[in-house]
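Q: below are the sequence and a predicted model; questions follow.
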Amino acid sequence: MTATVTTPRAGSRNTGIRRGEAAAGWVFVLPVILILGLFLLIPVLMALWVSFSDWAGRGSPLSGTVNFVGLENYAAVTTGGGLAERDFGISLRNIAWYVLLVVPLQTALSLFLAVLVNRAVLRGRGFFRTAFYFPSVTSSVAITILWLFLFSQTGVVNAVLAWIGITGPNWFQEPSGIVHNALAGLGITSGPEALTQTDVLGVSLWEWLAGPSVALSAFILMAVFTTSGTFMLLFIAALQNVGGELGEAGMMDGANGWQRFWHITLPQLRPTIFTVVTLGVIGGWQVFDQIYTGTEGGPAKTTVTPAYLSYEAAFTRQEWGEGSAIAFLLFLIIIFFTLIQRWVLRERGVSKRRAARYEVKGGRS
């Protein structure tokens, strides 16, 4: 009589292990999911409901006295033709110029600083890395207050400008746009009728092209100053992962330092550039605390941003539906521009024309 020994099937054993690992994984992440759902997802969904309702800020937004109004709040800030639409248009103009200038400047400066402190011949690299990064870990409120002192009419910046014979403006009280100021220096003080008579969100095209105000320009400089250190660390980490073999091959081919950086190093930094630009775009469109601490949207609303306008509409004017609508419109704008810059910075295949240069022709090697 022979005994029959049965062995468990490998497939079922592996399946059991995988099920156990999956269960353990869910147990570990469940607290985080509950916290995010309680303090993030539920408030976001409630704010979304408020943007479609007439909630006045009293009582629960889910009570029976709150009515669904559809897209009225969104229409009020986009097509209403009143003050709400113009304020929203002004805020978009301001933040568009802000992002347009801050993102390229901070990306270029952070990359330059990373290349500078990553050089092996530079002494005291640790000190410079800490010094460049320090503004990024300082409170934005403290930096804003410092900026108000530096850029006041009798501040350090105007004192330095006075030494070289330039009379500095009263930075945070000057609402004129820098592009219009430059045109005024050339004798152009008014735009053509096609620009002055055409409105977008209650703001004429001539006003859209005014450029950032002098006050907003000071905030732009502050943003570049405070954020470049953080992005510098990302570029340093990426530069340290760039292999030196390709650079040595480029040197053997006769490429100079700039050519090696542009054609060898920079293409390998594409994922990091994508990350830096994405974070810069998102952070730029969401700027709030500097405006709240510094100017509260003044002078003449030239530093109002959509995030601050959403806060002002909800908590100051008690227009909770409009405030929530502005917040979700800002969310859609951020998603839109993130997708655009992702498409621009996507990986592209080698074109047939360029590939043909490297093909062996006529059997020659």
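A: Thanks, I have the structure now. Treat the numbers as computed from the prediction; the structure is a model and nothing was measured. Residues are numbered from 1 along each chain as shown.
Q: and the strands in the stretch 151-300 of the chain?
A: 199-200, 203-204 (DSSP state E, counting those that start in this stretch).
Q: can you list those in a markdown table and add mean pLDDT, distance to F132 and mean neighbour count?
A: All C-beta spots, glycine's among them, are computed from the backbone N, C-alpha and C. Listed next are the strands of the stretch 151-300 of the chain as a markdown table, based on pLDDT from 0 to 100; distance: least, Cβ to Cβ, whole Å; neighbours: other Cβ atoms under 10 Å:
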| stretch | mean pLDDT | distance to F132 | mean neighbour count |
| --- | --- | --- | --- |
| strand 199-200 | 92 | 39 | 14 |
| strand 203-204 | 94 | 37 | 18 |
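Q: how about the ones you listed in a markdown table, adding distance to Q259?
A: Shown next, in a markdown table, are the strands of the stretch 151-300 of the chain (distance: least, Cβ to Cβ, whole Å):
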| stretch | distance to Q259 |
| --- | --- |
| strand 199-200 | 43 |
| strand 203-204 | 45 |
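Q: so how far is P212 from the residue nearest to F151 when sequence neighbours are not counted?
A: Nearest non-adjacent residue to F151, counting by Cβ to Cβ, 6 or more residues apart in numbering: W171, 3.9 Å away. Look at W171 and P212: by Cβ to Cβ, to the nearest Å, they are 12 Å apart.
Q: also F39?
A: 35 Å.
Q: higher neighbour count, those two?
A: Taking neighbours as other Cβ atoms under 10 Å, F39 and P212 compare with P212 leading, 24 against 10.
Q: that one touches I178, doesn't it?
A: Yes - contact criterion Cβ atoms under 8 Å: P212 and I178 qualify, at 6.1 Å.
Q: quick check: which element contains F128?
A: Applying DSSP states H and E as the criterion places F128 in helix 125-137.
Q: which residues does that helix contact?
A: For helix 125-137, contacts defined as Cβ atoms under 8 Å, 6 or more residues apart in numbering pick out 113, 116-119, 122, 143, 225-230, 232-233, 236.
Q: after that helix, next one along is what?
A: Remark: after helix 125-137, the chain's next helix or strand is helix 140-150, criterion DSSP H and E.
Q: just checking, what packs against that next one?
A: For helix 140-150, the elements it packs on are helix 156-163, helix 214-240, helix 289-294, judged by 3 or more Cβ pairs under 8 Å, 6 or more residues apart in numbering; DSSP states H and E.
Q: run through the stretch 151-300 of the chain and note the low-pLDDT ranges.
A: 244-245 (pLDDT under 70).
Q: again, only this time at 50
A: Filtered on pLDDT under 50, the stretch 151-300 of the chain yields no residues whatsoever.
Q: from F331, how far out is T154?
A: Distance, T154 to F331, by Cβ to Cβ: 41 Å.
Q: could you dump the helices and strands packed on helix 140-150 to CSV with distance to N94?
A: Listed next are these as CSV, based on distance: least, Cβ to Cβ, whole Å:
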stretch, distance to N94
helix 156-163, 21
helix 214-240, 6
helix 289-294, 9
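Q: which one of these lies closest to D54?
A: helix 289-294 (26.7 Å; Cβ to Cβ).
Q: and for that closest one, what's in contact with it?
A: Residues contacting helix 289-294 (Cβ under 8 Å, 6+ apart): 140-141, 143-145, 147-148, 172, 219, 222-223, 297, 303-305, 307-308, 311.
Q: give me the buried entries from those residues.
A: For those, a neighbour count by 16 or more other Cβ atoms under 10 Å gives the buried set as 140, 143-144, 147-148, 172, 219, 222-223, 297, 303-305, 307-308, 311.
Q: centre of the chain to the strand or helix carrying G25, how far?
A: Here G25 sits within helix 10-36, counting by DSSP H and E. Relative to the centre of its chain, helix 10-36 is centred 36 Å away, using Cα atoms, centre = their mean, to the nearest Å.
Q: now do the contacts for I236.
A: I236 is in contact with A114, V117, N118, R129, counting by Cβ under 8 Å, 6+ apart.
Q: so the second one touches F235, yeah?
A: No - distance between V117 and F235: 9.7 Å, which falls outside the contact criterion (Cβ under 8 Å).
Q: ok, H263 touching A255?
A: Yes - taking Cβ under 8 Å as the definition, H263 is a contact partner of A255 at 7.1 Å.
Q: quick one: which of these two has more around it?
A: It is A255, of H263 and A255, that has more neighbours when counted by other Cβ under 10 Å, with 16 against 12.
Q: what packs against the helix holding G25?
A: Contact here means 3+ Cβ pairs under 8 Å, 6+ apart; on that basis helix 10-36 packs against no helix or strand.
Q: dead centre of the protein: give me the residue that sits there.
A: The residue lying closest to the centre of the chain (Cα atoms, centre = their mean) is V281, at 2.3 Å.
Q: give the contact list for that one.
A: V99, V103, I334, F337, T338, Q341.
Q: out of the strands of the stretch 151-300 of the chain, which is closest to G243?
A: strand 199-200 (48.5 Å).
Q: strand partners (parallel or antiparallel) of the closest one?
A: The strands beside strand 199-200 in its sheet (DSSP bridges) come out as strand 203-204 (antiparallel).
Q: any idea how far the strand it pairs with is from the middle of the chain?
A: 25 Å.
Q: what backbone torsions are found at F68?
A: F68 has phi and psi values of phi -80, psi 130 when expressed as degrees, to the nearest 10.
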